[in-house]
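> sharing a model that was predicted from the sequence below.
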Amino acid sequence: KVANAEFKAASAGMSNWAKSADGLSAKIAATQKTLSAQKTILKEYEKQLELVEKEYGKNSKEADEMRIKVLNQEAAVKKTETALKGYETELKNIEKETKASGSAYEELGKKIEGNEKKLEELKKEYASVVLEQGKSSKAAKELAKEIGDLSGELDKDKKSFEDAGKALMDGETVMLYPEAGHQDKRWLGVFKLGYLRIAFAAAEKMEFKQDVMILPSCNHYSNYFHARTDMLIKFGKPISLMPYYERYQQAPRETMMEINKLVRNAIQEMMLHIDDLEHYEQIDFLRENGYGKKYAVEHGYKYNYLPSRLISDQKLVDALQKATKEHPERMEKVYEDTSRYMEGLKELNIRDWLFAKKHGILAPVMRGLGLLLLLPLFIASIIPTGLLYLIPKIFLKKMIKDQMFVSTFNVAVSVFVSVPLCLILPLVLLWIYAGFWWALGYFIAFPLMFILSWNYMRMFMKFVGACNFVKRKNRPAVKELRKLRYNTFKELDSMLA
């Protein structure tokens with residue numbers, strides 16, 4: 001049971017696991033642990049089967065029941081092995097991508113350092129060839145060309161680095177992402193030192209007489225991927241580098257590592273950081289759904305106001321992670337039940353909010369009537385705006401594998417393809433053939449039509465969920481999920497009180 005609970009807690013929601021090396025490494029470690037436990041259980045079941053067959057006979061009821069356990073456990077082992085191979089393959093792909101992309105400034109710094117060494121070697125080789133064969137020799141001319149090309153590339157790369165430093169010297173702000181990577185989960189990655197190298201290089205050019213400040217900041221989203229959601233930008237207390245100038249001149253790397261830790265801690269305190277990656281999916285689900293709202297309201301926070309909700313979420317996540325350390329067995333059971341609850345919602349195609357109130361048949365009927373009344377408006381709105389939904393999906397499905405780039409490409413496709421087709425082209429045609437006022441009316445109505453169609457589709461999805469919730473054949477499963485939800489909340493309340 002413990003091994004099964006660990007497996008469910010570690011593997012729940014893996015299909016949506018962060019496409020990052022750290023996240024996948026944590027998931028692989030958890031899956032390997034689960035696989036080992038499952039294999040141990042399988043061996044024990046096989047031994048028990050042999051004993052049962054000897055005692056009761058191969059065709060006995062007891063043997064059949066034990067054989068079913070063995071087959072189920074074999075299936076579980078194969079499923080986990082398949083999942084593990086998938087995660088290992090994905091990790092290799094991510095590591096290749098990270099190696100190929102990395103931090104622009106980190107990679108640029110390494111490139112400059114490598115090219116400087118290569119240039120020195122080429123100059124030595126050139127001098128040797130000139131002495132032996134003369135400047136006019138073919139080998140000398142080829143080396144001279146290679147040295148010239150490499151020198152030009154090196155100067156260009158150094159200029160990029162110097163431009164960032166010059167901007168700081170001129171009192172401007174340079175914005176850099178120190179993680180040198182990304183993930184679609186709410187946790188903070190490892191910081192690189194590229195941003196501090198640029199900062200101290202600028203300070204050095206100013207002879208360490210002027211201060212360079214690091215301003216920690218972070219972005220917090222109510223939802224990473226949904227449209228029309230909230231975003232919060234937070235700024236921390238500026239960190240002055242001037243007190244570190246003297247130490248930096250004696251021990252640059254150690255000093256930068258110390259400051260890097262300060263900056264990372266400052267950002268981590270501002271953001272929502274879920275450190276327990278093994279139970280990330282369950283913690284994030286509890287935070288984002290009914291229990292998160294219940295916790296916020298009970299502790300005096302405004303759930304629908306993002307700055308207030310962020311504080312509530314931070315406290316809830318800290319409380320859950322603390323409870324995991326203090327009550328590991330009880331929390332493991334909570335995470336197992338949460339995983340079961342999540343799987344149940346997915347199977348029935350319903351959402352957690354439906355359990356917050358008692359929903360009878362009247363709720364979906366009223367929603368259905370509302371949708372029916374608004375259908376003509378929806379049709380009128382979706383005809384001119386439909387391509388805004390369809391075109392990005394066509395492009396993104398073929399081009400984008402990393403979902404963290406979906407929003408970026410969505411904007412690009414909308415700007416260069418969808419909006420020209422849906423807004424600009426009809427606007428021009430209306431102006432030419434119907435007149436200015438028709439074109440102006442379309443221009444004003446277009447965003448309203450988009451919002452109406454978007455809200456209608458959301459209402460329709462909620463209608464489908466409400467229908468599934470009250471559907472007769474789903475009632476036993478809904479009742480079981482309601483009980484599971486209630487018991488999970490009750491257990492959490494007793495530990496987090």
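Yes, it's here.
> and the top helix by length along the chain, what's its mean pLDDT?
In terms of residue count, the longest helix belonging to the chain (DSSP state H) is helix 61-100. Mean pLDDT, helix 61-100: 76.
> for stretch 465-483, same thing?
Per-residue scores along stretch 465-483 average to 91.
> quick check: buried residues in that stretch?
Buried residues in stretch 465-483, defined by neighbour count with 16 or more other CB atoms under 10 Å: 465-470, 474, 478, 481. All C-beta spots, glycine's among them, are computed from the backbone N, C-alpha and C.
> max pairwise distance over those residues: which two?
Spatially, the most separated pair among the buried residues of stretch 465-483 is Cys467 and Leu481, at 16.1 Å (CB to CB).
> specify the local secondary structure of the residue positioned nearest the centre of the chain.
By CA atoms, centre = their mean, the chain has its centre lying nearest to Asp184, at 0.3 Å. Under DSSP: H, G, I helix; E, B strand; the rest coil, Asp184 falls in the coil class.
> looking at it, it is touching Tyr224, isn't it?
Yes: Asp184 is within contact range of Tyr224, at 6.0 Å (criterion: CB atoms under 8 Å).
> after the helix or strand of the chain with the lowest mean pLDDT, which helix or strand is next? Please name it.
Taking mean pLDDT, DSSP states H and E as the measure, the helix or strand of the chain with the lowest value is helix 2-11, at a mean of 42. On the C-terminal side of helix 2-11, the closest following helix or strand by DSSP states H and E is helix 21-56.
> could you give the angle of that next one to helix 61-100?
Calculated by axes from the mean of the first three to the mean of the last three CA atoms, to 10 degrees, helix 21-56 forms an angle of 170 degrees with helix 61-100.
> check which residues of helix 21-56 are buried.
21-28, 30-31, 34-35, 37-39, 41-42, 45, 49, 52-53.
> likewise stretch 200-214?
200-203, 208, 212, 214.
> residues in contact with it?
In this structure, residues lying in contact with stretch 200-214 by CB atoms under 8 Å, 6 or more residues apart in numbering are 161, 164-166, 168-169, 195-196, 199, 238-242, 245, 248-249, 252, 256, 259, 263.
> tell me if Leu481 really is in a helix.
Yes: counting by three-state DSSP, Leu481 is found in a helix.
> spit out the contact partners of it.
341, 344-345, 348, 355.
> any chance of those residues in a markdown table, plus distance to Asp155, neighbour count and pLDDT?
As requested, the contacts of Leu481 are exported to a markdown table (distance: CB to CB, whole Å; neighbours: other CB atoms under 10 Å; pLDDT from 0 to 100):
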| residue | distance to Asp155 | neighbour count | pLDDT |
| --- | --- | --- | --- |
| Tyr341 | 60 | 24 | 94 |
| Gly344 | 62 | 16 | 93 |
| Leu345 | 59 | 21 | 93 |
| Leu348 | 63 | 18 | 93 |
| Phe355 | 64 | 19 | 91 |
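> and those, which of them are in helices?
341, 344-345, 348.
> ok, Tyr341 touching Thr488?
Yes: using CB under 8 Å, Tyr341 makes contact with Thr488 at a distance of 6.7 Å.
> what is the burial count for His147?
Just so we're on the same page, residue 147 is Ile rather than His. Per other CB atoms under 10 Å, the neighbour tally for Ile147 reads 16.
> now do the contacts for it.
Contacts of Ile147 (CB under 8 Å, 6+ apart): 119, 122-123, 126.
> ok, those vs Ala363, which is closest?
Leu119 (73.0 Å).
> low-confidence bits of the protein, can you list those?
For the chain, the stretches flagged by pLDDT under 70 are 1-24, 92-113, 157-158, 160-165, 168, 180-183, 395-404.
> show me where the stretch 101-250 of the chain has helices.
Assigned by DSSP state H, counting those that start in this stretch, the helices in the stretch 101-250 of the chain fall at 104-133, 138-169, 194-205, 245-250.
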